[in-house]
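>>> next come a sequence and a model predicted from it.
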Number of protein chains: 2
Amino acid sequence: MSQVTLLQIADKLKISVSTVSKALKDYPDVSEKTKALVKELATTLNYKPNAFAVNLRTKESKTIGLIIPAIVHHFFSNVIKGILTQAEKKGYLVIILQSNESYELEKKQIDLLLRQRVDGILISIANSTRNFGHLSDVLSQGKPLVMFDKIAKILECSKVVIDDRKAARDATQHLIDTGCKRIAHFRGPLLSQNSIDRFIGYREALENNNYVYDSDLVYICECGDSSFEEGKINAKKLVQKHKDVDGVFINTDLVAIGALTAFSEMGVRVPDDISVVGFSNWFMSSVISPSLTTINQPGYKIGKAAFKQLYTELKQRKNNLPVVHKKITLNTELIKRASTKV
Amino acid sequence: MSQVTLLQIADKLKISVSTVSKALKDYPDVSEKTKALVKELATTLNYKPNAFAVNLRTKESKTIGLIIPAIVHHFFSNVIKGILTQAEKKGYLVIILQSNESYELEKKQIDLLLRQRVDGILISIANSTRNFGHLSDVLSQGKPLVMFDKIAKILECSKVVIDDRKAARDATQHLIDTGCKRIAHFRGPLLSQNSIDRFIGYREALENNNYVYDSDLVYICECGDSSFEEGKINAKKLVQKHKDVDGVFINTDLVAIGALTAFSEMGVRVPDDISVVGFSNWFMSSVISPSLTTINQPGYKIGKAAFKQLYTELKQRKNNLPVVHKKITLNTELIKRASTKV
DNA sequence: CTATTTCACGAAAACGTTTTCGTTAATTTC
DNA sequence: GAAATTAACGAAAACGTTTTCGTGAAATAG
């Protein structure tokens, strides 16, 4: 019932706790004979070192924290998968917390993780987060912090991102290249840096091609749980108000799929009447009809890179080397499908 | 840099560590005056109790483990959300591990969690898991274990499931009720208990209606990463071999969506030529065209119920009450959409 | 054969809490 | 005013490791 300890093994073997500990860790000052005896008894008793005690002693937990705005989300779940896969390889456990895009919750969760004495933290911040005190707390405690996807530019730590502006330019340029003359944009929340960057990319592409920017053609979506509905609603508004629009770049795939559905319901043909480009490359986008042209956002790779960076910083700290922060920008690519012309 | 400890607070206040500890926890044998002093200093120093030390002392970690076959999965990510939401409410942290449907990995992960001294474990087992020694280890260590969705019937612990057989009967019955005369089934892996149960439900519905069971109409899908492709391939085979089939009940939505795509490519009309029912009610199923009739599998509720059960068992143990295991069966429902006739 | 080195092990402190049990001083009781 | 109670605090053990530093005994060196 109660767990096996070093002391119990020591007693049965009539040796000391220190020797047992050292035997299990192959210290050179333990004879092969006792090592064998100890290891054998340890396995037969199914000994498992008590992580609390080890952590307390070594001041390391081999555990990291991960705070993410949402779990039920194709992109984020891919990120998680990337992180977990890497963490597993390096022998780290991951405590996952969901901030629900709430600053207050995020703050509380950082506190929880610090109490838990995790070795480091990975975070994609909530849209509502405007204060970064909780995050600089992490840094000032000397714990590595790596932000990904939704980052705070002001914070001095490593970051893993994509180039939202460039990706948005690519998306919009593709609409222009395939003959669209009047291009709308469904943007995300006003406070989300990613949405802002994608919006800027959209405008840049217009400017680069001497298209007139018309703020009437920009619709705002919250991109929360009702993304699909938002896409439908805005698509309907768009069609009613602006008959001349023949292309739309949409902040996220789910909203875009809502738009596609609305267009289909209204008899607006895609891409003949209007071309659509989404953002993220959710799996869904490849199987709907018409399939959605979109920007591939490499979630798995982002997660992988984020953990790797955290891991290097952990090693740097451990070896008393200077910790160097990196900003890693991963490539996106335009996936051409049936919702745009060739 | 280094963390604040009770000792540091004690020294600054010229009192003992014990008093500081008790003051922070509002012990009655500490004067209000010192309590106030201690608490004030604690907050200004930003004191955070060292979880390792607390856990070591109290033999509780307020942490649970969660092992799940896959993260990038609409159903499972909903389960996770349900678990995290409840855990947060009760002040528990969750370490998430992904078994990738591998028994070996699952075994290793259980071991990791036990070393970590989590208070309890939630698990949905891998398809390849046939031995349950690692799971009974958990139980014999006196730690609560709650299985959900993919369970081992043989194990004496609490379980949260749906009634796969009934759900499959409902799905098949709906095909029969809407006029299908010859009904195929795309089943899941031979080793997966859920697949087996759904297959049995399919057969039961046929029998109940005096339909002949024809093993030629049953196709096997692995339901792994290439579910969509499997759906396409099997749908093509089905159409080529059995022109007379007018309905198909498919083990999971993703495979069903692959089938829908293949039917569309081959000019087979859904539901006029063939009706399709899926399983799980992934979000995607509502937005494709034709939208997919399917069985709703309440992931969020399952996660919520699983954590709640774990929590009650935790409390029961703590209060030295007898731990009672429960099998909780959550309701599924048929969601009628456009892939079946009315 | 003494002096040094190597070998194999153990004692003990430390990590930061929690909690039991004293202990002293102040207060109350009769 | 002596006896009993209460109030407020501290000492110390314990949780299970890890690791440093001794310490004898055995092996080697001169």
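Now that the structure is in, tell me what you want to look at.
>>> name the spans of the stretch 151-300 of chain A whose pLDDT lies under the cut-off.
Filtered on pLDDT under 70, the stretch 151-300 of chain A yields no residues whatsoever.
>>> OK, now which residue of it is nearest to DNA strand D?
Among the residues of the stretch 151-300 of chain A, A:Ser158 lies closest to DNA strand D, at 27.3 Å counting by C-beta to the nearest atom of the strand. Bear in mind the C-beta positions are built from the backbone N, C-alpha and C, glycine included.
>>> my guess is that residue meets A:Thr329, correct?
No: taking C-beta atoms under 8 Å as the definition, A:Ser158 is not a contact partner of A:Thr329, at 12.0 Å.
>>> higher neighbour count, these two?
Using other C-beta atoms under 10 Å in any protein chain shown, the more surrounded residue of A:Ser158 and A:Thr329 is A:Ser158, with 24 against 13.
>>> for beta bridges, what are the partners of the more buried one?
Note on A:Ser158: beta-bridge partners by DSSP bridges are A:Val146.
>>> report the contact partners of it.
Applying C-beta atoms under 8 Å, 6 or more residues apart in numbering or on different chains, one finds that A:Ser158 lies in contact with A:Pro144, A:Leu145, A:Val146, A:Met147, A:Gln309, A:Leu310, A:Glu313, A:His325, A:Lys326, A:Lys327, A:Ile328.
>>> distance check, the fifth one against A:Ile64.
Think A:Gln309. A:Gln309 is 12 Å from A:Ile64, where distance means C-beta to C-beta, to the nearest Å.
>>> surely A:Leu260 touches A:Val276?
Yes: A:Leu260 is within contact range of A:Val276, at 6.1 Å (criterion: C-beta under 8 Å).
>>> who touches both of these two?
Shared between the contact lists of A:Leu260 and A:Val276 (criterion: C-beta under 8 Å, 6+ apart) are residues A:Val270, A:Leu292, A:Ser339.
>>> any chance of CSV for those residues, columns neighbour count?
As requested, the shared contacts of A:Leu260 and A:Val276 are exported to CSV (neighbours: other C-beta atoms under 10 Å in any protein chain shown):
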residue, neighbour count
A:Val270, 21
A:Leu292, 29
A:Ser339, 27
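>>> which one of those residues is nearest to A:Ile154?
Nearest to A:Ile154 out of those is A:Leu292 (C-beta to C-beta; 34.3 Å).
>>> the residue lying closest to the closest one once chain neighbours are set aside: helix or strand, and which one exactly?
Once its chain neighbours are removed from consideration, A:Leu292 has its nearest residue in A:Ser285; the separation is 3.9 Å (C-beta to C-beta, 6 or more residues apart in numbering or on different chains). Here A:Ser285, judged by DSSP states H and E, is contained in helix A:283-287.
>>> swap in A:His185?
Under the criterion DSSP H and E, the helix or strand holding A:His185 is strand A:183-187.
>>> kindly report the same for A:Lys237.
helix A:227-241.
>>> now swap in A:Ala171 and tell me
Element membership of A:Ala171 [criterion: DSSP H and E] is helix A:164-177.
>>> that helix - contacts with which helices or strands?
Using 3 or more C-beta pairs under 8 Å, 6 or more residues apart in numbering or on different chains; DSSP states H and E as the contact definition, the elements that helix A:164-177 packs against are strand A:183-187, helix A:193-208, strand A:247-250, strand A:275-277, strand A:294-296, strand A:333-335.
>>> most tightly packed of the ones you listed?
The highest mean neighbour count among the helices and strands packed on helix A:164-177, using mean count of other C-beta atoms under 10 Å in any protein chain shown, belongs to strand A:247-250: a mean of 29.
>>> in the helix holding A:Lys237, what counts as buried?
The neighbour-count criterion (16 or more other C-beta atoms under 10 Å in any protein chain shown) identifies A:Ser227, A:Phe228, A:Glu230, A:Gly231, A:Lys232, A:Ile233, A:Asn234, A:Ala235, A:Lys236, A:Leu238, A:Val239 as the buried residues of helix A:227-241.
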